[in-house]
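# model the structure of this input:
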Amino acid sequence: TDLEELYISSNNIGENGAIAISEALKVNTTLQKLNICGNNIGENGAIAISEALKTNTSLQKLNIWKNNIGEKGAIAISEALKVNTTLQKLYISYNRIGENGAIAISEALKVNTGLRELNIYDNDIGDNGAITISEALKVNTSLQKLYINYNNIGENGAIAISEALKIDSGLRELGVGDNN
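Residues are numbered from 1 along each chain as shown. Prediction:
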């Protein structure tokens, strides 16, 4: 197939739909953009998608907003980010990844060289999540856009982010509004 973009948002495909998509992603070499936001794929669906990301070399943009992937789903996605170099944009907002999910993503950002844009709005990462992300920003040179709005980030997280901004890491756009 020559399909380059697939948009199936808000169809309630669930975990089984995500598993089916992940199986296709493992062999597909043309799909560049996948939007599966609002489909309630849960943590198991995210785990399946992350397994496909470990081998897929064509996907450049993944939108998995509002899928209830939680901490375990975020950890799985972060493991894929450690080895995937083709994904450039990841939208993982509104998934309740929490502090531990943010920590896992931060660890991936320290070694990932492909991701250019990361959107993790409204995931309640808090100060500790922001602190770990700021540490990743100090060493990641490929990320250009980061959006961490609505994450309950307080003073300590804001200080850590501001310290990271003193280093010219490649970040060109940062959204941190509406945090506390």
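
# so residue 172 touches residue 143, yeah?
No - judged on Cβ atoms under 8 Å, residue 172 makes no contact with residue 143 at a distance of 9.2 Å. All C-beta spots, glycine's among them, are computed from the backbone N, C-alpha and C.

# give the residue from these two that has the larger number of neighbours.
Using other Cβ atoms under 10 Å as the criterion, residue 172 and residue 143 rank with residue 143 on top: 23 against 10.

# looking at the more buried one now. What's its pLDDT?
According to the prediction, residue 143 has pLDDT 96.

# Three-state assignment for it, please.
Recorded secondary structure, residue 143: coil (DSSP: H, G, I helix; E, B strand; the rest coil).

# any idea how far it is from residue 83?
Residue 143 sits 17 Å away from residue 83, taking Cβ to Cβ, to the nearest Å as the criterion.

# try residue 123
As defined by Cβ to Cβ, residue 123 lies at a distance of 23 Å from residue 83.

# and for residue 138?
For residue 138 relative to residue 83 (Cβ to Cβ), the value is 22 Å.

# more neighbours: those two, which one.
Neighbours per residue (other Cβ under 10 Å) separate residue 138 from residue 83, with residue 138 holding more: 15 against 12.
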